[in-house]
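J.: Let's see this in three dimensions:
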Amino acid sequence: MQPCRVLASVSVMRDSGLSRAIERAGGVNALARALGLASASVAQWRSVPPARVGEVARATGLSPTELRPDLQSGFAETQAPFAEAEALGLDAAAIAAQALREAVRAEKGRRWLEENREAIQAWNRWTEENGLPLAEYRMF
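T.: Take a look at the predicted model:
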């Protein structure tokens, strides 16, 4: 005979902003679908994560300040350009992703040069003293 397993229902205390978002979306499952997330992920939230405020606001029609009043001052400053870009028909997420890729590439290049500075300087000194290897065979 197998032991009986009892599943306990865990109640998560949600703040009012998340509760309103879930209600407006039609439940946890509906909100999760609208965000492209697993229902279990959304069910564990106690409040809307700061990184998801914009998505939840768009999915539910609630304002970011309704969802997370504690983030009001910083959110308005960072989200205003995204709202303006959206109003102009620009894909702000794609533009931001491209800018991040370029910034990461530039930073990796800067760090590589810094890490290899001594080797580059040593090669340049050697080349100045000895000339380019096989230079007598070059046709240009």
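
J.: isn't residue 66 right next to residue 20, touching?
T.: Yes. Contact criterion Cβ atoms under 8 Å: residue 66 and residue 20 qualify, at 6.6 Å. All C-beta spots, glycine's among them, are computed from the backbone N, C-alpha and C.

J.: Settle it for me: which of those two has more neighbours?
T.: Using other Cβ atoms under 10 Å as the criterion, residue 66 and residue 20 rank with residue 66 on top: 19 against 16.

J.: What helix or strand is that one located in?
T.: According to DSSP states H and E, residue 66 maps onto helix 64-67.

J.: Next, the buried residues of that helix.
T.: 64-67 (16 or more other Cβ atoms under 10 Å).

J.: could the residues you listed be laid out in CSV, adding distance to residue 53 and pLDDT?
T.: Formatted as CSV, the buried residues of helix 64-67 follow (distance: Cβ to Cβ, whole Å; pLDDT from 0 to 100):
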residue, distance to residue 53, pLDDT
64, 5, 85
65, 9, 83
66, 10, 87
67, 5, 88
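
J.: ok, so of the residues you listed, who is nearest residue 97?
T.: The closest of these to residue 97 turns out to be residue 64 (Cβ to Cβ; 20.9 Å).

J.: low-scoring stretches of this protein, by residue?
T.: Applying pLDDT under 70 to the chain flags residues 1-12, 72-77.

J.: please redo it, this time with the cut-off set to 50
T.: The chain contains residues with pLDDT under 50 at 4, 6-9.

J.: Mind naming the longest helix for it?
T.: In the chain, assigned by DSSP state H, the helix with the most residues is helix 92-115.

J.: Residues contacting it, please?
T.: Residues external to helix 92-115 that are found in contact with it (Cβ atoms under 8 Å, 6 or more residues apart in numbering): 81-82, 85-86, 120.
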